[in-house]
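Student: please find the sequence and the predicted model below.
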Amino acid sequence: MSLRTVFMGTPEFAVPSLRKVVASGYEVVLVVTSPDKPRQSARSEPEPTPVKKTALELGLPVLEIEDLNNPDFDCALRQAAPDVMVVVAFRILPARIFSIAPKGIFNLHASLLPKYRGAAPINWAIINGEKETGVTTFFLQEKVDTGQMIVQKRLEIFPDEVATELAARLSVLGAEAVVETLDLIRRDAVVPIPQDDSLATKAPKLTKENTQINWNLPATAVHQFVCGLSERPAAWTTFEGKVVKIYRSKVIEPTGAGDAGKWHISRDALYVSCAEGLLEILSLQIEGKKRMRASDFLRGYRVKGHERFV
């Protein structure tokens, strides 16, 4: 039996899952995604989501939805008559739709639940210096990221790996987990595992406030912070009143007290003191300028000798 499947997702992270579901022979009767985004140029056509692009390429029907309380949303789901619904990097869904598919609705989350419940699990796993992470599929319930688990897969976090690199690897692993979950559901072989709330940790949404670099931390912690926020939205600091995004860094000295935020320049290399240790800045972007290597930035900058990041 091939399950009639509704797939919900928006970003690139969800694309491998959609492709693998189709390639595995499941009948995707509807793809739900966010509306096209306007481009910067008013003359250009709006930009479709990565999931919409993939769905159209695969010849699948697409529903773009902005307001999840719109009755058309429920109507479209019911008309699709799914056996099961799959959610990968979409939005927080209203509980009223959970019962539409008789075999349930499940989500793919990019962490080893119950750790890193929330909007940014990949980022916070790197920021917190985890050595491994993974993906979890679980049945949706009203409280976000708390449902009973179905499949969990682990993955090592490489040294100096940034969030976008880890996300790409997790998206492939997640696709495997999604299809394994569908296979279990198809065979009525799911053994749901309750989450242990006492082990839960949070992965809050990234904001301007929680992505600012604190130079009063050890160099290793600052480096993890930079890696965890690269390429998007990027860790930031300020220099001479301007925002500076830091994309790549390297720990030069992990220990030793320093004057937090102070620059040290050697030839074409930029080092910054942290509360403990020294960090090399490899790639950055000054407000109003393009991203560049730190060495290129220094070639065009007249050193004064008292520079620091704040």
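Tutor: Received it, and whenever you're ready, just let me know what you need.
Student: domain ranges for this structure?
Tutor: Listed domain ranges for the chain are 4-199, 209-299 (source: automatic domain parsing).
Student: dump the ones you listed to CSV, plus mean neighbour count and mean pLDDT.
Tutor: Where you see a C-beta, it was placed from the backbone N, CA and C, and this is true even at glycine. Shown next, in CSV, are the domains of the chain (neighbours: other CB atoms under 10 Å; pLDDT from 0 to 100):
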stretch, mean neighbour count, mean pLDDT
domain 4-199, 18, 97
domain 209-299, 18, 96
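Student: this protein: helices as residue ranges?
Tutor: For the chain, the helices defined by DSSP state H cover 15-23, 50-57, 71-80, 121-127, 163-186, 219-228, 294-299.
Student: output the contacting helices and strands for the fourth one.
Tutor: Packing partners of helix 121-127 (3 or more CB pairs under 8 Å, 6 or more residues apart in numbering; DSSP states H and E): strand 132-139, helix 163-186, helix 219-228.
Student: go through these and name the closest to F90.
Tutor: F90 sits nearest to helix 163-186 of all the helices and strands packed on helix 121-127, at 12.9 Å, using CB to CB.
Student: how close does R19 get to G129?
Tutor: 32 Å (CB to CB, to the nearest Å).
Student: the helices and strands packed on helix 121-127: which one's closest to K37?
Tutor: It's helix 163-186; of these, that one is closest to K37 (CB to CB) at 18.8 Å.
Student: of all the helices of the chain, which lies closest to L278?
Tutor: helix 219-228 (5.9 Å).
Student: please export the C-alpha coordinates of the closest one as PDB.
Tutor: The C-alpha atoms that make up helix 219-228 are tabulated as PDB, following Å, rounded to 0.1, in the frame of the first residue of the first chain:
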ATOM      1  CA  ALA A 219      38.100  32.300  22.600                       C
ATOM      2  CA  THR A 220      36.800  28.800  22.200                       C
ATOM      3  CA  ALA A 221      33.300  29.900  23.100                       C
ATOM      4  CA  VAL A 222      33.400  32.900  20.800                       C
ATOM      5  CA  HIS A 223      34.600  30.700  18.000                       C
ATOM      6  CA  GLN A 224      31.700  28.200  18.600                       C
ATOM      7  CA  PHE A 225      29.300  31.200  18.600                       C
ATOM      8  CA  VAL A 226      30.700  32.400  15.200                       C
ATOM      9  CA  CYS A 227      30.400  28.900  13.700                       C
ATOM     10  CA  GLY A 228      26.900  28.400  15.100                       C
END
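Student: can you pull the contacts of T54?
Tutor: T54 is in contact with 15, 18-19, counting by CB atoms under 8 Å, 6 or more residues apart in numbering.
Student: again, only using 6 Å
Tutor: The contact partners of T54, by CB atoms under 6 Å, 6 or more residues apart in numbering, come to 15, 18.
Student: likewise A235?
Tutor: 211, 213, 225-226, 229, 246.
Student: quick revisit: let's have the domains of the chain in TSV, adding distance to G305.
Tutor: Shown next, in TSV, are these (distance: least, CB to CB, whole Å):
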stretch	distance to G305
domain 4-199	30
domain 209-299	9
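Student: closest to E307 out of these?
Tutor: E307 lies closest to domain 209-299 among these, at 4.1 Å (CB to CB).
Student: quick check: longest strand of this structure.
Tutor: strand 242-257 (DSSP state E).
Student: which other helices and strands does it contact?
Tutor: helix 219-228, strand 235-239, strand 276-286 (3 or more CB pairs under 6 Å, 6 or more residues apart in numbering; DSSP states H and E).
Student: and the angle from that strand to strand 276-286?
Tutor: Going by axes from the mean of the first three to the mean of the last three CA atoms, to 10 degrees, strand 242-257 is angled at 170 degrees with respect to strand 276-286.
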